[in-house]
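*Asks:* what follows is a predicted structure for the sequence shown.
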Amino acid sequence: ETAATYDYIVVGSGPGGAPLAANLAKAGYPTLLLEAGDDLGNNKNYSEMANFNLAANDDKSRWDFFVKHSSDEERESKYEHMTWRKPDGSFYVGLEPPEGSEQLGIYYPRSATLGGCAMHNGGVCALPSDDDWDAIAESTGDKSWLAKNMRQYFERIETAHYVPPGTPGHGYSGYVNVTISDPTFMQQTSDIQEIASGIIKTVGGDVTRDINSLDADRDQQTGVFGLAGHADPNGHRTGSNTYVRATLDDPAKYPLTVQLQSLVTKVLFSKNAKTPTAIGVEVLRGQSLYKADPRYNGAKGEVVKIFANKEVIVSGGTFNTPQILKLSGIGPAKELKKFDIPVVKDLPGVGERLADNYEGGLLALASKPLNGSSGPFAVQLKTPTARKNRNIYGWCKSFSFEGFWPGFPTEYGPSQYECAFVHMNPRSQAGYVHLRSDDPQEPPEINFEFFKHGGDEDLTEMLDAAKTFRKAITSAGEPIGPFNEKHPCPGVKQNCTDAAQKEFLKLQTYSHHAASTCGIGPAHDKLAVLDSKFRVHGVKNLRVVDASAFPAVPGAFPVCPVFMLAEKATDDILRDAKSASSSA
Ligand SMILES: Cc1cc2nc3c(=O)[nH]c(=O)nc-3n(C[C@H](O)[C@H](O)[C@H](O)COP(=O)(O)OP(=O)(O)OC[C@H]3O[C@@H](n4cnc5c(N)ncnc54)[C@H](O)[C@@H]3O)c2cc1C
């Protein structure tokens, strides 16, 4: 293919790329959406939200990344779920690998399928603090990022099922159905209801209110809430996959083309232009071509070049977008030269400032099997040393969640109860995604450098959260209690110092909301990659629209904020297209 068939090429079909491609096609522009994986939208492990752990463990979509949390090997070696490759080729997870095993790193799942990680995620839909949006407006001077303007994008994506129709700040016809967890368990007497009552007594709130519906002083609201997720009232997952499929099936026959099993290896640039100008992409065609795919078998794929009349938009996610840019010659010149990649634009920030929410949990076993059941409910806290806003988002139920490893999670039986939590707005953004080679099939090196800056402050906030959750859960007395805590302070009659608990939290923190490797920021910020309209600084016709574009992790859960980015980028791109055609 040499002639440009498409106006836009979008690389990657996650919550950033998929809705954007559908929107551009619906606006009448021939658009190609390229996705490395397959379409699993009809597979019940993906289409039913309740099966999300099956989806995340499924080799039909898995891209297994193995990352570091720090550059301190001793600290890394104490991570309880360190993953190793045994001599027989299978995984070992733990601290005592069989002899001859190779240390792979800390498992970090990604979903390579039509819809991206919105196809295996837990579905939690939350909005960042208003301050998170306002900070982008402030750093770039672009007022369209102010929270009060961003809310329209949430209204656009949402079909709300948890607030009365017409409630301001919500949408009722968007492609993301949002429901909250069933609150009716609070009306029946049960152990689960009693524990939840204790939590509500400790932190306030109630399970019928929703985080996203609070407009007045959202950033300060704390206590218990119903947990909002991107599923419809029947539990069907909605979002990136369902929206693309609905757009393809629409009788209006929008000019959207989706090509699966297409691993984009680089962006192509015009040879003549003075300013680097994107004109298309190079693709490897074939199944499971990326080495993070457990089904990878050494196949090389067929090389294809595809061209765009207007723009290329990269939406490969926080790990893959910087890899694609670097392979294309956009990134830190020093790193590119190491791999003999010709430098198209020296942009030192590509792959830098990687950050993630820190996660932990207060997990305890009751003295008896817990009767009753509930979905998770949300708990927001503002711990004593929090900076400006609430800083902890927890979710509680009888379950166990201790991070990710091949085959996760653990199951401690019917007496288990946990409040898992994410710590928002990490102070450190020192992580990075660096190339290991110029081979596009080879996953990059990923190091989060957790706690490198402000670590002690963040750990104090996590410890205070754990203390609050401990008090809240254990307020249920006998015969449900006493509780035998698994972590961060094990035992029934506990005797842990604050320092010991902080050390546990530091060593065992996990994460799954990676962001910011191609952050938006002003041109004078040497680590900024994108301007406020998602355009790569110093490059024409190339944008990035996915979680990598956030200059900092957006609140507690990124997926709904990424959907909002896709909508905002749609407006920016269509505005440019219209002004180009009116000036032509
Ligand atoms: C296990 C898990 C659970 C999660 N749970 C939640 C949750 O409950 N709530 C929440 O808000 N967030 C959750 N997240 C995070 C959230 O899903 C992600 O932040 C979000 O999906 C990011 O969207 P994205 O568009 O940036 O990238 P992704 O979702 O990663 O999508 C990128 C897409 O690009 C494709 N791609 C990558 N490279 C190439 C290439 N070279 N060529 C072609 N295609 C390519 C990939 O296959 C993928 O489909 C979870 C994440 C994980 C891993």
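*Replies:* Noted; the coordinates are in hand.

*Asks:* so residue 9 belongs to a helix, correct?
*Replies:* No - the assignment for residue 9 is strand, going by DSSP: H, G, I helix; E, B strand; the rest coil, so no helix is present there.

*Asks:* and it, what pLDDT?
*Replies:* The score at residue 9 is 98. That number is its pLDDT.

*Asks:* report the contact partners of it.
*Replies:* With contacts defined as CB atoms under 8 Å, 6 or more residues apart in numbering, the neighbours of residue 9 are 31, 32, 34, 280, 281, 306, 308, 311, 312, 313. In this view, the C-beta of every residue, glycine as well, is placed from N, C-alpha and C.

*Asks:* show me which residues of the stretch 101-250 of the chain sit near the ligand.
*Replies:* The stretch 101-250 of the chain comes close to the ligand at residues 109, 110, 112, 113, 116, 117, 118, 120, 121, 122, 123, 124, as judged by CB under 6 Å from any ligand atom.

*Asks:* one more time with 8 Å
*Replies:* For the stretch 101-250 of the chain, the residues in contact with the ligand under the definition CB under 8 Å from any ligand atom are 108-126, 229-230, 240.

*Asks:* returning to that earlier point: near the ligand, which of the contacts of residue 9 show up?
*Replies:* residue 34.

*Asks:* residue in the stretch 251-400 of the chain nearest to the ligand?
*Replies:* Among residues of the stretch 251-400 of the chain, the one nearest the ligand by CB to the nearest ligand atom turns out to be residue 317. It sits 2.8 Å away.

*Asks:* hmm, residue 344 is touching residue 329, no?
*Replies:* Yes - the pair residue 344 and residue 329 passes the contact test of CB atoms under 8 Å, sitting 3.4 Å apart.

*Asks:* between those two, which contacts overlap?
*Replies:* Listed as contacting both residue 344 and residue 329 by CB under 8 Å, 6+ apart are residue 269.

*Asks:* and the helices in the stretch 101-250 of the chain, which stretches?
*Replies:* Under the criterion DSSP state H, counting those that start in this stretch, the stretch 101-250 of the chain carries helices at the ranges 130-140, 147-157, 191-203, 240-249.

*Asks:* now for the shortest one, which elements pack on it?
*Replies:* Helix 240-249 makes packing contacts with helix 17-26, strand 256-259 when contacts are defined by 3 or more CB pairs under 8 Å, 6 or more residues apart in numbering; DSSP states H and E.

*Asks:* just the first one next, same as before
*Replies:* Helix 130-140 sits against helix 147-157, with contacts defined as 3+ CB pairs under 8 Å, 6+ apart.

*Asks:* give me that answer again for 10 Å
*Replies:* Taking 3 or more CB pairs under 10 Å, 6 or more residues apart in numbering; DSSP states H and E as contact, the helices and strands that helix 130-140 lies on are helix 147-157, helix 559-583.

*Asks:* quick one: it to helix 559-583, angle?
*Replies:* With axes from the mean of the first three to the mean of the last three CA atoms, to 10 degrees as the criterion, the two stretches helix 130-140 and helix 559-583 enclose an angle of 40 degrees.

*Asks:* still on that earlier bit, make TSV out of the contacts of residue 9 and add neighbour count.
*Replies:* TSV is the format used below for the contacts of residue 9 (neighbours: other CB atoms under 10 Å):
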residue	neighbour count
31	28
32	27
34	26
280	23
281	25
306	22
308	25
311	24
312	31
313	29
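
*Asks:* out of the contacts of residue 9, who's nearest residue 53?
*Replies:* Residue 53 lies nearest to residue 34 out of those, by CB to CB, at 28.2 Å.

*Asks:* got phi/psi on the nearest residue to that closest one once chain neighbours are set aside?
*Replies:* For residue 34, ignoring the flanking residues on the chain, the nearest one in space by CB to CB, 6 or more residues apart in numbering is residue 262 at 4.4 Å. Summarising the backbone geometry of residue 262 under the convention degrees, to the nearest 10, its torsions are phi -130, psi 100.

*Asks:* again with the one 5 residues further on
*Replies:* Comment: the main-chain dihedrals of residue 267 come out as phi -90, psi 140, following degrees, to the nearest 10.

*Asks:* what's the burial count for the residue nearest to residue 34?
*Replies:* Around residue 262 there are 22 other residues, counting by other CB atoms under 10 Å.

*Asks:* dump the residue contacts of it.
*Replies:* 11, 32-37, 281, 283-286, 289, 301, 304, 306 (CB atoms under 10 Å, 6 or more residues apart in numbering).

*Asks:* roughly how far apart are it and residue 290?
*Replies:* Note on residue 262: its distance to residue 290, by CB to CB, to the nearest Å, is 11 Å.

*Asks:* one more: residue 400?
*Replies:* Residue 400 sits at a distance of 31 Å from residue 290 (criterion: CB to CB).

*Asks:* fine by me, thanks again.
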